[in-house]
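Student: build the 3D model from these lines:
(chains A and B)
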Amino acid sequence: MSAVVLEGFSVQRTWALDVVNDFFIAGASFGAFLCASLYLVFGLKNYKNIALFSMIISFVCLCAIPFNLIDDLKQPSRVFEIFLNGWGNLSTSAMKIGIILLITYPILLILLAYKHINNKNTKKLGIITLIVSFCIPLYTGYILGTSVGVSFWNTPVLPLLFAANGGVGGVGICALVLFVYSKIINYKINLFIFIRLASALIVCDLLLRLFWFSFMLGFNKEIKELYQYVFMARFYEIFILEFCLIFIILINLFTRLKNNQFFLLLAFLSMIIYSFSFKFNVVFAGNSMPKIMSGFLTYTPKILGSDSLGSVFGNWLICISLFCLLVSILEKQIKGELSE
Amino acid sequence: MNRRVFITTTLASSSYAFSLKNNGIDKKDKRYIGDRKKRYAMLIDLRKCIGCQACTAACINENQVPHEQFRTFVTEYELSKSDEVFKAFLPELCNHCENPPCVSVCPTGATFKREDGIVLVDNEICWGCSYCVNACPYDKRFINKNTKVADKCTFCVHLIDNNELPACVQTCVGRARIFGDLNDSSSEISQILKDYPTSVLKQNFGTKPQVFYINLDNELNEINPNHKMFQDISKEFDLALEEEWRIK
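Tutor: I've put the predicted structure just below:
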């Protein structure tokens, strides 16, 4: 049977670039702290000199998250409503849980950094901070995972996937910023450790994706068709781009090119793009799918205004300026640690 | 403000914030609670719908729905099976689900379900995050262009609370829409639901919609909106589409 819609109405899609950027930065915040926790919690000496620097990156990313969220709101002046109302939905609304995490995490991070700078024992506080940090990308995945209306998102594996994938982005940002910073202050730092960590996270990410897609293929015909569409429509982004980026990272891991500064830089950029691209694909593939009305949608980004390329760019500028501010305050401690 | 007042105020506001309460609903305001004895639902008899869009127009007029946005709409299909070509109409609106996914995800508690089953949005609390718009499996929520908050069909709650029928039901020329109380076994809707086989949209989501259809179990239910061959002529010429999102 064939069907033609003669008269229908336009469905509305509201989540776009701001949400993608928010999910990416949330994951990056976790990834950056993961680098620090390898020393602070697990005691790996290789990561000792980057612990404070990674915490700063994690803090900067975290501070940028609310700006994305507020920009995406259609009534941004009502932002305080989230503190005053809706606590009855605490257990079911991922956004509500996220608010608690976004308040708790920076406090823990500041306390941890203070203890670390003063050479105090950070293990217990580090474990608590790591758990809260891990929950940040989990809650972003949970936001999509609980959206019953979009079958592409409605999967319990998405929070874990966001954590693993976000970790790659966070490690990438940490490595890239440290790469640039080390050139400015003229220090030699072993950046290869970042590639090793990112590779481990990529393996977790790909395994989780394998579970996700293989489970989904067992579902009904309608969902299968959706997935086929996603793969066909986003073949370039999902397969070609993401796997090329993984290839670049692997080249750096297994060949002598790791000694080449250009390839190292390329690998760090690949990690960031890999993570951002995944979030972009998930959000946009889900949004482009029809729910009850017919037809797949395509997206054309806005240049300026709310939820536009300009707002994402502005958000990154906030990150950069906040990073510069923190580095200028903690310059002595950072340089002292990096030179160890 | 001295230190003691500051600390007392901060503690008091924090304890209020974490009191797990939803403003309005907990105030026991009738507008939030509704009529506890009733359970409202709508029945749409597809055999009687002629696709005149009188319900759409009545809804727009009654609720001042912005231009090119709809709380209810009658989708018109042209279906063909072997040599047979025929038209079908599907009136759609918020299903006021018994398990509404839009309510549980709302971070501000602006979306809530009254005890009479009507799902509403408090447009003074909603901050327009669109979480509910994404959570709704029926695509029946939108961000109102004028109020900039989530909007949807309310079953014309302001009329119901004054013992009137929703505007779409009042205006339906074929009497295809029937509205009433499911708790009242003598009501027209209860009688028809007892006598006729009915179905709901997307039953597999487990949301238990409270908008029932007679004669939905025909060719309309076989349509898969995800199918790439499904042609949507209306949208190809639809100027109402959002700037950012367009039909392929």
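Student: next, the residue positioned nearest the centre of chain B: phi, psi?
Tutor: Centrality entry for chain B: nearest residue to the mean C-alpha point is residue B:94, 1.6 Å, by C-alpha atoms, centre = their mean. Phi and psi for residue B:94, reported as degrees, to the nearest 10, are phi -60, psi 140.
Student: just give the closest residue to it, not the sequence neighbours.
Tutor: Nearest residue to residue B:94 in three dimensions, chain neighbours excluded: residue B:153, at 3.9 Å (C-beta to C-beta, 6 or more residues apart in numbering or on different chains). For every residue, glycine as well, the C-beta is placed using N, CA and C.
Student: that older thread, surely the residue nearest to the centre of chain B and residue B:119 touch.
Tutor: Yes - the criterion here is C-beta atoms under 8 Å, and residue B:94 meets it with residue B:119 at 6.6 Å.
Student: list residues touching both of those two?
Tutor: Residues touching both residue B:94 and residue B:119 comprise residue B:152, with contact defined as C-beta atoms under 8 Å, 6 or more residues apart in numbering or on different chains.
Student: all strands for the chain, in order.
Tutor: Reading this off chain A. Per DSSP state E, chain A carries strands over the ranges A:2-7, A:297-299.
Student: wait, chain B
Tutor: Using DSSP E, strands in chain B cover B:40-45, B:73-81, B:84-92, B:111-113, B:119-121, B:142-143, B:150-151, B:177-181, B:198-199, B:211-214, B:231-232, B:245-247.
Student: any idea how far residue A:271 is from the closest residue to residue A:113 other than its chain neighbours?
Tutor: Using C-beta to C-beta, 6+ apart and skipping residues adjacent in sequence, the residue nearest residue A:113 is residue A:55, 5.1 Å away. Distance, residue A:55 to residue A:271, by C-beta to C-beta, to the nearest Å: 19 Å.
Student: just want to know which of the two has more residues nearby.
Tutor: residue A:271 (32 against 26; other C-beta atoms under 10 Å in any protein chain shown).
Student: now do stretch B:118-131, average pLDDT.
Tutor: On average, the pLDDT along stretch B:118-131 is 92.
Student: distance between that stretch and the chain's centre?
Tutor: 13 Å (C-alpha atoms, centre = their mean, to the nearest Å).
Student: buried stuff in it?
Tutor: B:118-122, B:125-131 (16 or more other C-beta atoms under 10 Å in any protein chain shown).
Student: just for chain A, where's the confidence low?
Tutor: Low-confidence segments of chain A, defined by pLDDT under 70, span residues A:1-3, A:6-10, A:219-222, A:293-295.
Student: tell me the helices in it, going along the chain?
Tutor: Counting by DSSP state H, chain A has helices at residues A:17-40, A:51-72, A:81-84, A:94-117, A:123-145, A:158-185, A:192-217, A:221-233, A:235, A:242-254, A:261-288, A:309-329, A:331-338.
Student: what residues of the fourth one count as buried?
Tutor: What it means is helix A:94-117. Neighbour-count burial for helix A:94-117 flags A:94-99, A:101-102, A:105-106, A:108-109, A:112-113, A:115-117 (criterion: 16+ other C-beta under 10 Å).
Student: swap in the second one?
Tutor: By neighbour count on 16+ other C-beta under 10 Å, the buried set for helix A:51-72 is A:51-65, A:67-69, A:71-72.
Student: same deal with the third one?
Tutor: Along helix A:81-84, the positions that meet the burial threshold by neighbour count (16+ other C-beta under 10 Å) are A:81-84.
Student: likewise for the fifth one?
Tutor: Taking 16+ other C-beta under 10 Å as the neighbour-count basis, helix A:123-145 is seen to contain the buried residues A:125-126, A:129-130, A:132-145.
Student: ok, and of these, which contact chain B?
Tutor: Under the cut-off given by C-beta under 8 Å from any C-beta of the partner chain, chain B has residue A:143 from those close to it.
Student: what's the neighbour count on residue 45?
Tutor: I went with chain A, as the question did not name one. The number of residues packed near residue A:45 is 9, by other C-beta under 10 Å.
Student: um, chain B though
Tutor: A count of neighbours around residue B:45, defined by other C-beta under 10 Å, yields 20.
Student: quick check: residues of the stretch 101-250 of chain A near chain B?
Tutor: A:143, A:146-150, A:221-222, A:225-226, A:229.
Student: now, the most widely separated pair of the residues you listed?
Tutor: A:143 and A:221 (27.7 Å; C-beta to C-beta).
Student: now, which of the buried residues of stretch B:118-131 lie within helices?
Tutor: Those of the buried residues of stretch B:118-131 lying in helices (DSSP H): residue B:131.
Student: any weak-confidence spans in chain B?
Tutor: For chain B, residues meeting the criterion pLDDT under 70 lie at B:1, B:13-28, B:217-248.
Student: hmm, 80 instead?
Tutor: Where chain B drops to pLDDT under 80, the residues are B:1-3, B:6-31, B:79-83, B:217-248.
Student: break down it into its helices, ranges please.
Tutor: B:3-17, B:30-33, B:54-63, B:101-105, B:131-135, B:157-160, B:167-171, B:188-195, B:219-222, B:233-236.
Student: who are the packing partners of the fifth one?
Tutor: Counting by 3 or more C-beta pairs under 8 Å, 6 or more residues apart in numbering or on different chains; DSSP states H and E, the packing neighbours recorded for helix B:131-135 are helix B:101-105.
Student: same thing but at 10 Å, please
Tutor: helix A:94-117, helix A:123-145, helix B:101-105, strand B:111-113, strand B:142-143, strand B:150-151 (3 or more C-beta pairs under 10 Å, 6 or more residues apart in numbering or on different chains; DSSP states H and E).
Student: next up, the contacts around residue 196.
Tutor: Here I'm looking at chain A. Shown in contact with residue A:196 (C-beta atoms under 10 Å, 6 or more residues apart in numbering or on different chains): A:46, A:171, A:252-253.
Student: please go with chain B instead
Tutor: Contact analysis of residue B:196 by C-beta under 10 Å, 6+ apart lists B:43, B:45, B:47, B:212, B:214-215.
Student: from the buried residues of helix A:81-84, pick the one nearest residue A:265.
Tutor: Using C-beta to C-beta, residue A:82 is the member of the buried residues of helix A:81-84 that lies nearest residue A:265, at 39.8 Å.
Student: what separation do you get for the closest one and residue A:93?
Tutor: Distance from residue A:82 to residue A:93, by C-beta to C-beta: 10 Å.
Student: with residue B:39 instead?
Tutor: Taking C-beta to C-beta, one finds residue B:39 at 25 Å from residue A:93.
Student: comparing those two, which residue is more hemmed in?
Tutor: Set side by side, residue B:39 and residue A:93 show more neighbours around residue A:93, with 27 against 20, by other C-beta under 10 Å.
Student: if we can go back for a sec, now the helices and strands packed on helix B:131-135 as TSV including distance to residue B:58?
Tutor: TSV is the format used below for the helices and strands packed on helix B:131-135 (distance: least, C-beta to C-beta, whole Å):
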stretch	distance to residue B:58
helix A:94-117	35
helix A:123-145	36
helix B:101-105	24
strand B:111-113	24
strand B:142-143	18
strand B:150-151	17
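Student: out of those, which comes closest to residue A:187?
Tutor: Closest to residue A:187 of those, according to C-beta to C-beta: helix A:94-117, at 18.6 Å.
Student: for that closest one, list the C-alpha coordinates in PDB.
Tutor: The C-alpha coordinates for helix A:94-117 follow below in PDB (Å, rounded to 0.1, in the frame of the first residue of the first chain):
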ATOM      1  CA  ALA A  94      17.400  14.000  33.800                       C
ATOM      2  CA  MET A  95      17.700  17.800  33.500                       C
ATOM      3  CA  LYS A  96      16.700  18.100  37.200                       C
ATOM      4  CA  ILE A  97      19.400  15.600  38.200                       C
ATOM      5  CA  GLY A  98      21.800  17.500  36.000                       C
ATOM      6  CA  ILE A  99      21.300  20.700  37.900                       C
ATOM      7  CA  ILE A 100      22.300  19.100  41.200                       C
ATOM      8  CA  LEU A 101      25.400  17.600  39.500                       C
ATOM      9  CA  LEU A 102      26.300  21.000  37.900                       C
ATOM     10  CA  ILE A 103      26.200  22.600  41.300                       C
ATOM     11  CA  THR A 104      28.000  19.900  43.200                       C
ATOM     12  CA  TYR A 105      30.800  19.100  40.800                       C
ATOM     13  CA  PRO A 106      32.600  22.500  40.700                       C
ATOM     14  CA  ILE A 107      32.500  22.700  44.500                       C
ATOM     15  CA  LEU A 108      34.200  19.300  44.700                       C
ATOM     16  CA  LEU A 109      36.600  20.300  42.000                       C
ATOM     17  CA  ILE A 110      37.700  23.500  43.800                       C
ATOM     18  CA  LEU A 111      38.100  21.600  47.100                       C
ATOM     19  CA  LEU A 112      40.200  18.900  45.400                       C
ATOM     20  CA  ALA A 113      42.400  21.400  43.600                       C
ATOM     21  CA  TYR A 114      42.900  23.300  46.800                       C
ATOM     22  CA  LYS A 115      44.000  20.100  48.600                       C
ATOM     23  CA  HIS A 116      46.100  19.100  45.700                       C
ATOM     24  CA  ILE A 117      48.000  22.400  45.600                       C
END
